[in-house]
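In: Sequence plus predicted model, see below.
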Amino acid sequence: MAEIHPTATVYEGTVLGDGVKVLENAVVGKQPTLSPRSTAKRDPLPPATIGAGTVVSTGAIVFAGSTIGERVILGDQSCVRERVEVGDDVVLGRGSLIENDTTVGARTKIQAEAYVTAYSTLEEDVFIAPCVVTTNDNWMGRTEKRFGNVRGPRIRRGARVGGGATICPDLEIGEEAFVGAGAVVTKDVPPRTVVVGNPARVLREVPDEELL
């Protein structure tokens, strides 16, 4: 049975698994409000689904059309937009945002104030440090060329991204790669590679003892 705080809002049709907790002032199942110029899809959204044992913490928001796995922690004031799939045992830190049409694999950790842009893929066991910024639009809203070319990063299994790093649009961070704190990633990062700096450059290989 789910536990819903009296101040929380759970929209009609939302599916809550056994043991789900929706805490103070959280909102689950919210429909999006889109700008007329938004590139986001406008198809009707199914209800949000929250897996067993998940906690939607104080002030967190989960939009309609998203599926949250089991035993997930959605931190205070975090937000999951529409058509997002979040795997089991994921942690989303305080104030972090996962934008629309994104997939987050099991056991991934996204720490406080991180921004995961729309149309991104994060595979299993990814680590995103605080204040990481991902991007998806090389034209920043200008020219018709951007339509059909808006894509976030693909962050592969076990990759780690350090605090305050910025990842440019449509890049791949390879399996077990390591992006140093504050790096600005402007091109693909090979698997098991450490990159640092602005623009990010290869420093070394991830040592054996740090691999999953």
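Out: It's in.

In: wait, doesn't Thr102 sit right on Leu122?
Out: Yes. Using Cβ atoms under 8 Å, Thr102 is in contact with Leu122, at 7.4 Å. (Each C-beta comes from the backbone N, C-alpha and C, glycine too.)

In: who has more neighbours, these two?
Out: Taking other Cβ atoms under 10 Å, Thr102 and Leu122 do not tie; Leu122 has more neighbours (29 against 24).

In: my guess is the more buried one meets Ala114, correct?
Out: No. Contact criterion Cβ under 8 Å: Leu122 and Ala114 do not qualify, at 10.6 Å.

In: what's the overlap in contacts for the two?
Out: The contact sets of Leu122 and Ala114 overlap at Ile128 (Cβ atoms under 8 Å, 6 or more residues apart in numbering).

In: list the contacts for the residue minimising distance to the centre of the chain?
Out: Geometric centre of the chain, nearest residue: Ile98, 3.7 Å, by Cα atoms, centre = their mean. Residues counted as contacts of Ile98 (Cβ under 8 Å, 6+ apart) are 79-81, 84, 86, 92, 104, 110, 116.

In: Tabulate these (a markdown table), appending distance to Ile4 and pLDDT.
Out: As requested, the contacts of Ile98 are exported to a markdown table (distance: Cβ to Cβ, whole Å; pLDDT from 0 to 100):
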| residue | distance to Ile4 | pLDDT |
| --- | --- | --- |
| Cys79 | 19 | 98 |
| Val80 | 17 | 98 |
| Arg81 | 21 | 98 |
| Val84 | 21 | 98 |
| Val86 | 19 | 98 |
| Leu92 | 19 | 98 |
| Val104 | 24 | 98 |
| Ile110 | 24 | 98 |
| Val116 | 26 | 98 |
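
In: now, which of these sits nearest Gly17?
Out: If you rank these by distance to Gly17 using Cβ to Cβ, Val86 comes first, at 13.0 Å.

In: for the closest one, which residues make a bridge with it?
Out: Ile68, Val104 (DSSP bridges).

In: which neighbours do Thr102 and Leu122 share?
Out: By Cβ under 8 Å, 6+ apart, the residues touching both Thr102 and Leu122 are Val116.

In: neighbours of Val90, just the number please.
Out: 25.

In: Please report the distance of it from Glu70.
Out: To Glu70, Val90 is 10 Å away according to Cβ to Cβ, to the nearest Å.

In: Can you get me a residue count around the spatially closest residue to Gly65 that is not a sequence neighbour?
Out: Distance criterion Cβ to Cβ, 6 or more residues apart in numbering; nearest residue to Gly65, sequence neighbours excluded, is Leu45 at 3.5 Å. When counting by other Cβ under 10 Å, one arrives at 17 neighbours for Leu45.
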